[in-house]
Structures are given as structure tokens and as C-alpha cells.
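Student: Using only what follows, build the 3D model:
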Amino acid sequence: MFKKILLGTVFSVGLISPTWVQAVDAPNSSKTSVVEGELKALTAKLTDVLGDITSIKPSPMVGLVEVIADHRVFYSSLDGNFLVDGKLYDINARNDITEETLKKVRLEGVKSFAGDMIVYKAKNEKHVINVFTDITCGYCRKMHEQMDDYNDKGITVRYLAYPRYGVRDQMGQYSQGFKDLQSIWCHEDPQSALTKAKQGSPVAQRICDKPVEAEFDFGRKIGVNGTPAIILENGLMVPGYKDPNSLINILDQIKATS
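Tutor: Got it, this is the predicted structure:
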């Protein structure tokens, strides 16, 4: 990851068609191939700065390219000489363009952990949420205490591990919070182990190949800075605790308008 970057917020005067190349150059078929070549060159240039790039394409703002790398969204000039880490807004439509992209990034990222989450499935499932959690977090414990209520309302809860004090301590050793979550994820009955830990029981230490550190890193990259953090079905991330009634109302409203 680059060491220094200009942080900023980029505002779009209006939503412009993704075929913005035709607005810059006189429309003809030869221009498209030139732009495709420029995008390939830009990908190579930015890979040296950002690492692996999963997506690069024209943004709605003329002259600005949207770049997705390592679960983060950036914007670049077409020549790659300027890079922005910030928000892009469509003022006329009052739309956060970056957030719309981040929704997709979050949902794609979650898929990679589908087999490694601790899941409390609703019998009559209507909604599925993904929650970054920690056993030392008071509101995480409160949320877990109400698991039956969430499930009764048709909400399946899928947990991702997020040791909120970090993976390593100041000495560079694995933190106790990380080791506890890893042990729970490695347990033969992780659902029960997590429930007991959130009730205050000591955690028997285990070691196995579970992506607890990867889940934490993913959470950091998509903006998690506290627990619980809830990723809704449309990719929107809601920080903090939401009681069962409030959460089902949010989920039902999203479903009704989607």
C-alpha cells in the first residue's frame, strides 16, 4: 500500500454517463480502443502503488477512473499521476457514488468467508446479516443475548471475527483477544463456544487454520472501526447495536424498496 496519498473528497457536478470518453473525444470507434489501451497501462502503473487491482473503469465524473484494490475504492486520473482516496458524490442526485460501489465490495468480500463464519440460522429465514463481533464488546454481548429474538423475526446472523484491540499487541505477539476468537472459531461447536464466551466463561485455547486475521483485515479495509458492525443484505454497513425490532424494520424497508 502506498505510504503517502492525497486524502480528499471529490464532488461531481452531475451524474455523467459511464461512456464519458465520448464526451471528451469526438465519438468514433477508434477512440474506444485508445481508451482501453490507456486503462491497461493505468492498471499496470497503479498496481505498483496499490497492489492487485480487482476492478478499474471510468467513473461517472469526466476524467476520473474508479479503481478497486484490496477491498478499497480509489479514484485516479487517466494518466495515473493523481490518486484520490475519498468520496465521490453526485450533487444533483444527492447520491454517494462511492458508497454504492462499497456496497458491492463488501458483499463480494463477505462471500470469501462464507464457509468460515459462525452462523445462527433463523428457522423461517427472511433476512441474512453479517456481523463483525468480539467477545469483549458489551453491545456485542447484548446483541447475542437477543439471538433468539433476531432468529424468531426471520433474521439469520452470520458472525465474522473482529478482535477490536487488534491482532497483535505492542510486542508484536498475538493479542489475547485474537487468540480467544481464534480458539472459538476452531472449536468443534463454535456456536456454543461463542455463546459461553460472551456470557463471560473462559476460553479454552485452540489453534487451527481459520481466517480470523483475514476477517479482521477485511473489516478494517471496508471501514469497520468498532463492534458490532452489521453488513445488511444490500451491502450497507450499519455501525453499532440495533435491537431486533429496529433491525427488522430496517431490513423490511430495504427489501420493500429494492
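
Student: For the helix or strand hosting Tyr150, what is the distance to the chain centroid?
Tutor: In this structure, Tyr150 is located in helix 147-152 according to DSSP states H and E. From the chain centre to the centre of helix 147-152 is a distance of 24 Å (C-alpha atoms, centre = their mean, to the nearest Å).

Student: for stretch 147-163, same thing?
Tutor: For stretch 147-163, the separation from the chain centroid amounts to 18 Å (computed by C-alpha atoms, centre = their mean).

Student: re earlier: need the CA coordinates for the helix holding Tyr150. PDB is fine.
Tutor: Below are the C-alpha coordinates for helix 147-152, written out as PDB (Å, rounded to 0.1, in the frame of the first residue of the first chain):
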ATOM      1  CA  MET A 147     -30.200 -14.000  19.300                       C
ATOM      2  CA  ASP A 148     -33.500 -15.900  19.700                       C
ATOM      3  CA  ASP A 149     -35.400 -12.700  19.100                       C
ATOM      4  CA  TYR A 150     -33.500 -12.000  15.900                       C
ATOM      5  CA  ASN A 151     -34.000 -15.500  14.700                       C
ATOM      6  CA  ASP A 152     -37.700 -15.500  15.600                       C
END
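
Student: Tell me where the chain has strands.
Tutor: 10-12, 53-58, 64-69, 72-77, 83-84, 88-90, 95-96, 118-120, 127-133, 155-161, 229-231, 237-239 (DSSP state E).

Student: picking up where we left off before, show me what the helix holding Tyr150 packs onto, helices and strands only.
Tutor: Helix 147-152 makes packing contacts with strand 118-120, strand 155-161, helix 244-257 when contacts are defined by 3 or more C-beta pairs under 8 Å, 6 or more residues apart in numbering; DSSP states H and E. Just so you know, the C-beta spots here come from the backbone N, C-alpha and C atoms, and that holds for glycine as well.

Student: Most tightly packed of these?
Tutor: Each of the helices and strands packed on helix 147-152 was assessed for mean neighbour count using mean count of other C-beta atoms under 10 Å. The highest is strand 155-161, with a mean of 23.

Student: Relative to that strand, what are the paired strands and their orientations?
Tutor: Strand partners for strand 155-161, identified by DSSP bridges, are recorded as strand 118-120 (antiparallel), strand 127-133 (parallel).

Student: residues in contact with the shortest one?
Tutor: Strand 118-120 is contacted by residues 147, 150-151, 156-159, 184-185, 190-191, 194 when judged by C-beta atoms under 8 Å, 6 or more residues apart in numbering.
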